[in-house]
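[1] Next input, structure requested:
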Amino acid sequence: MINLLKLQRLDTNIADCIQKEKELPRQKDKFFIQKERLAEEIKNSEEHCRKIQAEQRECEAGIEQLQEKIKKYEGQLPDIKRNEEYKAVLHEIEMQKKQISNKEERVLVLMDAHEEALAKLEEDKTRVQGEISKLDAECAAIDADLAELVQHRKALQAKRPELKEEVEPQLLSLYERIRKVRVPAVVPLNAESCGGCFMTIRPQIVNEIMGSEKVHTCQHCHRILYYPDNVSLSGAETIEESA
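    Got it, this is the predicted structure:
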């Protein structure tokens, strides 16, 4: 029975490794989300800079259009004969100049805003790159832990064939069948109850298990039962060492 318990302990450790191998990569999910958020932050800053530049170019184009209109109106002045029409054209020229003045002021504001936005963008890029570097380091550490865990699991799996050889074939076959549906497959007898499902075991079976007369399974959950006191101290230590 001690050899079967050693095998079960090994199988438990292998199963734990496999479970951790599934869980470890999921720890990187939050880092991926953070990296996406940081990338979106830079994207928004860059878009803000582009919008300022686009408005500035639009204002500058508007100034050029207004200047062209002024030239057109000024070219018409020498041909105008009526005083009222002449004044109307002058008024229109004045209105165009005011619009140009307003747009020029806006261009100056936008130039300052663009300069500030660019400076902030560079600051954001430096900060974000630092944060991304930390996240990449965290991911690399997880990958290193995963690689170490896989190596450890493979080393444990390499021990399994040798341990299987030490278990009586019929008992091993029973164990393999049970562990496909229930883990652990081997449980202690606690007083008169099963250490797996905690249901009461018949007195005769309890006596036979305690006397190591034969191998019994729980009539309720069908796990293999053993009496802890029948496992020697040195055997128990061996089980721990195999973990």
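
[2] pLDDT below threshold where in the protein?
    When residues are selected by pLDDT under 70, those of the chain lie in 232-243.

[3] So which residues of it form strands?
    Per DSSP state E, the chain has strands spanning 186-190, 193-194, 216-217, 224-226. These are given in chain order.

[4] want to throw those strands into a markdown table with distance to Lys98 and mean neighbour count?
    C-betas here are computed from N, CA, C, even on glycine. Rendered in a markdown table, the data for those read as follows (distance: least, CB to CB, whole Å; neighbours: other CB atoms under 10 Å):
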| stretch | distance to Lys98 | mean neighbour count |
| --- | --- | --- |
| strand 186-190 | 93 | 20 |
| strand 193-194 | 95 | 19 |
| strand 216-217 | 99 | 18 |
| strand 224-226 | 97 | 23 |
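
[5] Off-centre distance for the longest helix along the chain?
    Among the elements of type helix in the chain, defined by DSSP state H, the one spanning the most residues is helix 83-165. When distances are taken as CA atoms, centre = their mean, to the nearest Å, helix 83-165 is centred 21 Å away from the chain's centroid.

[6] From Ile224, how far out is Glu168?
    When distance is defined by CB to CB, to the nearest Å, Glu168 is 12 Å away from Ile224.

[7] The residue nearest the centre of the chain and Pro169, how far apart?
    Within the chain, the residue whose C-alpha comes closest to the C-alpha centroid is Asp29; the distance, by CA atoms, centre = their mean, is 0.6 Å. Taking CB to CB as the measure, Asp29 and Pro169 are separated by 45 Å.

[8] What residue spans form the domains of the chain?
    As given by automatic domain parsing, the domain ranges for the chain are 11-160, 168-241.

[9] Of those domains, which is nearest Asn3?
    Closest of these to Asn3 is domain 168-241, at 8.3 Å (criterion: CB to CB).

[10] Who are the contact partners of Ala131?
    For the record, residue 131 is Glu, not Ala. By CB atoms under 8 Å, 6 or more residues apart in numbering, the contact set of Glu131 is Gln34, Leu38.

[11] hmm, 10 Å instead?
    The neighbourhood of Glu131, defined by CB atoms under 10 Å, 6 or more residues apart in numbering, consists of Gln34, Lys35, Arg37, Leu38, Glu41.

[12] so how many other residues sit close to the fourth one?
    Burial of Leu38, expressed as a neighbour count using other CB atoms under 10 Å, amounts to 17.

[13] for Gln96, same thing?
    With neighbours defined by other CB under 10 Å, the count for Gln96 comes to 19.

[14] now it: how far from Glu84?
    Distance check for Gln96 against Glu84: by CB to CB, it reads 19 Å.
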